[in-house]
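> From the sequence below, what's the structure:
(chains A, B and C, ligands or ions: 5)
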Amino acid sequence: MRPGKLEKEPYNVIIAGVGGQGNVLLSGFIGAALVNEGFMVSVADTFGVSQRGGSVASHIKISRKTLYSSVTLKGKADLLIGMEPVETLRSLAEFGNPGIISIVNPRPFYPSGGVAYPDLGEVRRAIERMSSRTSYVNVTEEALKMGNPIYSNIILLGAVIGAGVLPLGEESIFPLLAERFPGEILEINLRAFRKGIELVS
Amino acid sequence: MANIATLKPGSTCLLMGNEAVARGVLEAGAGVASGYPGSPSSEVIPALAEAASQTDIYVEWSTNEKVAVEVAAGGSFAGIRSFCVMKQNGANVAADFIVNLNMTGIGGGGLVIFISDDPGGGTSNNEQDSRTIAKWIDNPLMEPSSAQEAKEMIKWAYEVSEAVNLLTFVRGVGRISYTRSNVVPGELPRKAQPEAVFPEIWDRNNPRKSRFTSGPFPVFHAPLHEKLEKAREIFETSPFNSYTGPEKPELLIIACGASTSYCIEGVNELNLEDRVSVLKLGTTWPLPEKLVAKHLKTTCKVLFVEEMDPFVERSVMELAAALLPETAHLTFFGARSGHLTPYGELSTDSVIGALADIMGITYQPRDRAYEEMCVEAAALVPGRPINMCPGCPHRATYWAVKNGLSLDGRNGFVCGDVGCYSMGFAGPGFYQARTMHAMGSGTGLASGLGKLGRFGLDQPVLAICGDSTFYHAVMPALANGVYNNSNFTLLIADNSATAMTGFQPHPGTGQTATGEPAKVVELEAVCRAMGATVETCDPFDLPKTIDTLLKMMAEESGVKVVIMRHMCQLVKGKRKIAPSWKMHVDGSKCLADACGCHRLCTRLFGCPGLMVDGETGKAAIDEALCAGCGLCAQICPAHAIIGEEV
Amino acid sequence: MANGINELFDEVINRGLCAGCGACITGCPYIVAHAGRIVALDKCTGSEGDCYKHCPRTFFDFDGVSEAVFGKAYPGGEMGQVLEIFMARATDPEILKRGQDGGTVTSLLALALEEGLIDAAVSTRMDAEKAPHGSVARSRRELLESAGACYEVGFSLEAYRSLPAESTEKLAIVGTGCQVEALGKIKREPPQNSPDPRNIRFTLGLFCGWALAPGTFHPYLKSLCELSQVCKFEIPPRPRYSFEFHFENDREAGSVSLDVIKPHINSGCHYCWDMTAEFSDVSIGSAETFPGWNTVLVRSPRGAELLALATEKGILETRELPEEKLSHLKWAALQKKRAAVEKITEKSGSKNDLLHIGRPPEESADILSRWNIL
Ligand SMILES: Cc1cc2nc3c(=O)[nH]c(=O)nc-3n(C[C@H](O)[C@H](O)[C@H](O)COP(=O)(O)OP(=O)(O)OC[C@H]3O[C@@H](n4cnc5c(N)ncnc54)[C@H](O)[C@@H]3O)c2cc1C
Ligand code: SF4
Ligand code: SF4
Ligand code: SF4
Ligand code: SF4
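Ligands and ions are numbered 1, 2, ... in the order given. Presented below is the predicted three-dimensional model:
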């Protein structure tokens, strides 16, 4: 997708993850960038349990014409940004369709309370089967390499922008990063963002 | 989060509904804003507090919602436009004041209350529809359908409030409060606030307005109904009521609030634009009857789409009854017919379901083969129980409580309360909290249960509350317990912030909503002054905490308070306090499933920072999640979890 | 069939059979002893637990345990496997003063420590308020602090747990019959989260008629005297029939009739058949009518070696046990077996079901015939 060009009306994006992974930050960047590019956007985040290890999903509905409600219709997502494999699959089961594109962090986050995690290979195969295109980006691993898992969502943002699946280019993200991360921390976040782009190129 | 005071009028911004509400308050020129935190309404006050330094507004976190409305009403009485915000449960707390305020009416400044309800109950322990309160006390009510509209509606609500001299409600829902969408800010008023004065006694020009006493009510009750009728008149032509669709629809949808956009989307998705119309009501109480009656005449079928109680549905059906026989031809669909539920959150999908059924359409978003894959996928996906955060002090507290109660051996139990520690009723709190109702109820229940020794209750009675909850509603219950010589132990989980809703300061934190230093209302001092025996523990010192609990429970009479003081891990994160420990698991020592452990750390203790290594089967630290609090090292029977001080 | 914590509670603790030995606490995070009771802190999902396996009140395989301890089947009789019987007492005046009777137990431990035969001694120590706790002594000073008998149930095998599983320290463990039985089971089926039982070089058994339940007895005792002033508890031989407590500063000793004490007997002790701690290397009791002397039963070759060393070094003074004393001892030991069997059948409701000492009819009959009480 080229910056500024929306391929479908409305275009439905879902960011699926686990509370505490920072999907609100990610949806915030994408939403703000889209508004700056003149789109009509609704961003809905799961609220309440967000900090507590529950499943969370942010829905972004993008339009050139009208403001839609924020929640994606069943089976109508176009792009799925999966911050965690099981959460990706959970969203696919509800919002997936044969055309959906999935960009997935393959690092599992285990549920607490002794709940068993399914076989990762099986989860990955299911994701691939249910998506028209699946890319894996090891953002948690890369973030840990950079010294802190908190960079993983910025790396993922880079990967999503780099993959060209949103009507946004990197230029629309830079000013937002500068605004959000003033001073010293900008540098490392820019590095994280570029790392993400690099991972998908 | 952008500072809502500095948004450029006419520009397009991405704002959360709660921020848009706050911006509306500024645009309306309100001078007083108060509230008590509670999702989904918590972000309004912080947004205003941040704007306070650039604008002419006083912003506070009040100790509870009743006080909050009183503070705002004070502003109104003195002629200042005032604003108050709360979540649905807060409306109940505030109700005691509000049901008198309707009689006195407001002062010279308009008074608007924004209540955010929580259909679906994502962040609440009840799912009440607080619109009822508007009807109950005969005050006007509006419901926005988007963030932009919420902002505009707040502004307009002041005009209504002042025109009819009544408090005016704007009712949001979580979906509006938390959705971020395009909002175009308007101008901020240039005028300074009027000078605040409490009206003089026997003000000749305005005798009614020289005092605000709800009695003698016969004087006020009849005028209240006149005011309400005036509000209805205003609502008949409200800009927030609109109609889209054919002139003579096969089906008329009457919708309000967040559901409105579901209706429009649903109609589009099913290509019913030529057959179905939508009457959106922004003003839902009092019902603009003429407007509704006009549209009822154009159709044979009506579908009500609103979340939770069939509030509008009932008003309209009442109206239809009054209009008989003109309305005899109508069939109504909605909560009553079972097409939609009077509970839970609605969605475009639920509206599509209702429409498809009424209009005789089949709707299939995905083909059969894909649907099957979805069923398989769903079966593969495990549930993800919510948990307390890694490093959460409540986990330590409940662990100590669990062990303390077991050691005590008399089937002691904990009356729970509302906050992060509510999770004590489930696995993360080891199922220790056994009641959960309103703020402060745990202590009230304990006060009563602690008196039942005479009828044979010999179990130790405990209650738990958070620090913010303590100031909100626990103090009267504690005083009650001491006064009536009840016997219970209150645990105050003092994590230094109202963590559940996002770390707002409260009377114990030494900071106001706008960041100024404040006097600390000290927990220990308050409890001691009330006459309780008080001890303070760091719950991370498990042995000492357990000992203290045992000692307190062993005391045969009186009210005991244990203050569990440890900073919330997320507050630590916010204040950039580095983790204390670097943790690792010595796989050679870890017993895993073997006797002597059976995965105590991951199965029972359950900190999200702990996991089972898929390859070795031993426990491991999830570096991405562990907060380095060091607690798990204390509970591992094999001393396999090791913390190095950093 | 599951044999875990739930079954332990169902079959033993909630049935009043618990002896208070503390074996189930050994290495288990779910079970602790508190205020004289065994407490389950949480649900354990394990179905085959060491707690159940090592408890002397679940099944007790006499031959299996005897095989593990002595390398041969259980001989039966009144006192089980016995090699030598005599009387002994310490020669060290300090030990003689601090010891319960002749100080034989403490002397042997001190010798073993000194000679490097062991690194640590697991025994029972009273705190300032005279409540018993498991203790680990690694020096003569610590040993002396744990000398003397506490007549309350102490769950003291718990101390074995406090040692890290990977510990290689050589140990001696002192315990009453139930504790020695548990150790026998532990030797037969090593625990998963406590030191290797092969490190236990000596098991010193104490004769035991019964122990008292701390839950009720300790508060009662506290009401009788200033506990921190007490230096010794004693049950002197008949005809005195009393429980006595002695004070540091030559104050006159206090005394209460055993009739007052007996209601406080730990209920689990009524189901105990083992007066002489039959699965120890050496069993030691009071010599009753010879005040200041101990009765000693040597049961294993390694026990015999330790005793030989002690006499050789002049640490112990020994003398013969008069014949009539021996027959009285045997009679008392048999009495305890008979009483236990009676209580057990009362509890199980069937002569064929002897609970922990033999379940199927043949097994029950077998053990009774070995005890000559069929
Ligand atoms: C509960 C109990 C009941 C007893 N009943 C009898 C009896 O009926 N007939 C008889 O002849 N002897 C009985 N004894 C044994 C007797 O009291 C002496 O312990 C024994 O004679 C050893 O004497 P000693 O001088 O060598 O002791 P010491 O050298 O003083 O050593 C005593 C040892 O016993 C340990 N000990 C103390 N209290 C306990 C306890 N509660 N559980 C486990 N270990 C403990 C101490 O730690 C120490 O190691 C009983 C002992 C106990 C603890
Ligand atoms: S780390 Fe400790 S508590 Fe966790 S499974 Fe291993 S032994 Fe058990
Ligand atoms: S140190 Fe242990 S208890 Fe604390 S956050 Fe890390 S894993 Fe959780
Ligand atoms: S007898 Fe010993 S092992 Fe059995 S339950 Fe009692 S203390 Fe535990
Ligand atoms: S009587 Fe038996 S069960 Fe009781 S303490 Fe003595 S040896 Fe143990």
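> does the most centrally placed residue in chain A count as helix, strand or coil?
The centroid of chain A falls nearest to A:Ile81 when counting by CA atoms, centre = their mean (3.5 Å). At A:Ile81 the chain is in strand, as set by DSSP: H, G, I helix; E, B strand; the rest coil.
> Also C:Lys262?
helix.
> do C:Gly134 as well
Assignment for C:Gly134 (three-state DSSP): strand.
> Can you tell me the closest non-neighbouring residue to it?
C:Ala159 (2.8 Å; CB to CB, 6 or more residues apart in numbering or on different chains). All C-beta spots, glycine's among them, are computed from the backbone N, C-alpha and C.
> Count the residues that sit near that neighbour.
Residues lying near C:Ala159 (other CB atoms under 10 Å in any protein chain shown) number 25.
> Could you list the alpha-carbon positions for stretch B:239-259 in CSV?
Below are the C-alpha coordinates for stretch B:239-259, written out as CSV (Å, rounded to 0.1, in the frame of the first residue of the first chain):
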residue,chain,number,x,y,z
PRO,B,239,-29.2,19.4,17.2
PHE,B,240,-28.2,16.0,18.6
ASN,B,241,-31.4,14.2,17.4
SER,B,242,-31.2,13.3,13.7
TYR,B,243,-32.9,11.1,11.2
THR,B,244,-31.3,9.2,8.2
GLY,B,245,-33.1,7.0,5.7
PRO,B,246,-36.2,6.8,3.6
GLU,B,247,-39.2,8.8,4.5
LYS,B,248,-41.4,5.8,4.9
PRO,B,249,-39.1,3.0,6.1
GLU,B,250,-40.1,-0.6,6.4
LEU,B,251,-38.3,-0.5,9.7
LEU,B,252,-37.4,2.4,11.9
ILE,B,253,-34.5,2.0,14.2
ILE,B,254,-34.5,4.2,17.3
ALA,B,255,-30.9,4.3,18.6
CYS,B,256,-28.8,6.3,21.0
GLY,B,257,-25.3,6.5,22.2
ALA,B,258,-22.5,4.3,20.9
SER,B,259,-25.1,2.0,19.3
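> show me where chain A has helices.
Secondary structure of chain A by DSSP state H: the helices cover A:23-36, A:85-95, A:120-130, A:139-146, A:152-162, A:174-180, A:185-200.
> residue ranges with poor pLDDT in chain B?
B:1, B:202-210, B:496-503, B:573-575 (pLDDT under 70).
> Residue in chain A with the shortest distance to ligand 3?
A:Ser112 (9.9 Å; CB to the nearest ligand atom).
> Show the contacting residues for that residue.
By CB atoms under 8 Å, 6 or more residues apart in numbering or on different chains, the contact list for A:Ser112 reads A:53, B:385, B:387, B:427-428, B:602, B:606-608.
> follow-up on the earlier one: which of the helices of chain A sits closest to C:Gly77?
Closest approach to C:Gly77 among the helices of chain A (CB to CB): helix A:120-130, 62.7 Å.
> just checking, the residue nearest to C:Gly134 touches C:Val122?
Yes. Between C:Ala159 and C:Val122 there is a contact under CB atoms under 8 Å: 4.9 Å.
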